[in-house]
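**Student:** prediction below, plus the sequence it came from.
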Amino acid sequence: MTNKRISISLTNIVLLVTLPLLLILLWQLRSLIVVLMIAIVISATLAPLVNTTQKLGIPRFLAVLIVYAGLIGTLTGFGLIVGPTVAEQIQRLIGKFPVYLEALRSLLSDLFLRFGMSETGAPSIINQLLDVQGLTSWAIRSSQHLVVRSYSVTRGIIGSVFSALLALLLSAYMVSGSKQLLEDIINLFPEPWNQRLAAQIQPVGKRMGGYIQGRILVSGILGVVISVSLRFLGLSELSLGLGVIAGFTNLIPFFGPVLGAIPALIVATSQGGLTFVWVLLLFVIVQNLETYLLDPLLVGSSVKVPPLYQLLAVLGGAQVLGIIGALIVPPWIAGMGVLLENLYIKPKLIAEGHQDIS
């Protein structure tokens, strides 16, 4: 019987000691890591605008100032012009939410009675489906769950504001000094990986930036369309607020459009069954417009991320980072897809003898 000796090298000992310490350090720095992730997404989104401005003969640092000042000015102006009306309408929506649910309860009761359900059985089923207190409690818990996860990373409201400003400043620095910064990072890798990674910088940035640019553009278009349409459908009292809600939630793939439609449909029930049908038809048309026209035209052509991966990115991001994760993880998945495709899948197919690799 032979005795086997297990040899442990100095390198293995160092790895065993430093790896747990590194994980602990990363956990302690998780807030900064999230800020860096947001900053990279912002810089990838605004870099094409900076490059276009620089082509006009303007120095890069001045081009960065112009683009960021224009962005901040646009957001501030939009907030000052539209913000008070949106806030007032959303506050009114929250205040009248029980009234709208009661109108929905009456509408469903009439429908059940028309289909032959007894007068005693219909209210029981409706009360189970539309328990106002239960629905309100569930909505509050779900919202708190997502918001608390976001705040736990950014340390509350003040921390969120500070993190947003820090992410904006870091992104500006990344865009202005991106060339030297990326060269310093790439030089940390040995040959030939430094050259391979250097070749992926542009496609990764283009994929991440294209994803965010497309989603913002699509959400803005749909928000305007929904606001104007709801005004003509008789919901002018809350049309702007409902349109902003639908546009903002649409930034989140898959679940966003459904979440944005729910408040408008509940409000429509107070105007009668016909208005509800028209509003439902509006959101069906808008959803198909997004799925078959706007997304392939403005998002899908530049992102090329399978829907399943986008869905998993949204679910995983929301579970770990709340609303922030649902917004920033999908573009990171899009960027990682470029690395996976160009550094593994294509070389693997070429090595296996597939010559028709585009």
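**Tutor:** Received the coordinates, thanks. Residues are numbered from 1 along each chain as shown.
**Student:** what's the neighbour count on the closest residue to N342 other than its chain neighbours?
**Tutor:** Excluding the flanking residues, the one nearest N342 by Cβ to Cβ, 6 or more residues apart in numbering is Q200, at 5.8 Å. Every C-beta, even on glycine, is put in place using the N, C-alpha and C of the backbone. Look at Q200: counted by other Cβ atoms under 10 Å, it has 17 neighbours.
**Student:** so what pLDDT did Q200 get?
**Tutor:** You'll see Q200 listed with a pLDDT of 81.
**Student:** then P84?
**Tutor:** For P84, the predicted pLDDT is 87.
**Student:** list the buried ones in the helix or strand that contains it?
**Tutor:** Assigned by DSSP states H and E, P84 belongs to helix 60-95. Neighbour-count burial for helix 60-95 flags 60, 63-68, 86, 89-90, 93 (criterion: 16 or more other Cβ atoms under 10 Å).
**Student:** likewise for stretch 243-254?
**Tutor:** In stretch 243-254, counting by 16+ other Cβ under 10 Å, buried: 243-247, 249-253.
**Student:** the helix or strand encompassing L280: which residues count as buried?
**Tutor:** L280 is part of helix 273-289, with elements assigned from DSSP H and E. Within helix 273-289, the residues scored as buried using 16+ other Cβ under 10 Å are 275-276, 278-279, 282-283, 286-287.
**Student:** what comes into contact with that helix?
**Tutor:** Helix 273-289 is contacted from outside by 107, 110, 222, 225-226, 229-230, 233-235, 257, 261, 264-265, 268-269, using Cβ atoms under 8 Å, 6 or more residues apart in numbering.
**Student:** redo that, cut-off 10 Å
**Tutor:** Contacts to helix 273-289, defined as Cβ atoms under 10 Å, 6 or more residues apart in numbering, come from residues 103-104, 107, 110-111, 218, 221-222, 225-226, 229-230, 232-235, 242, 246, 250, 257-258, 260-262, 264-272, 294-295.
**Student:** could you give me the average pLDDT of stretch 51-71?
**Tutor:** For stretch 51-71, mean pLDDT is 89.
**Student:** for that stretch, how far is the first residue from the last?
**Tutor:** One end of stretch 51-71 to the other measures 15 Å (Cα to Cα, to the nearest Å).
**Student:** give me the contacts around that stretch.
**Tutor:** 42-43, 45-50, 168-169, 171-179.
**Student:** show me what contacts L181?
**Tutor:** Neighbours of L181 in contact, by Cβ under 10 Å, 6+ apart: 43, 173-175.
**Student:** what do you get if the cut-off is 8 Å, keeping everything else the same?
**Tutor:** Contact analysis of L181 by Cβ under 8 Å, 6+ apart lists M174.
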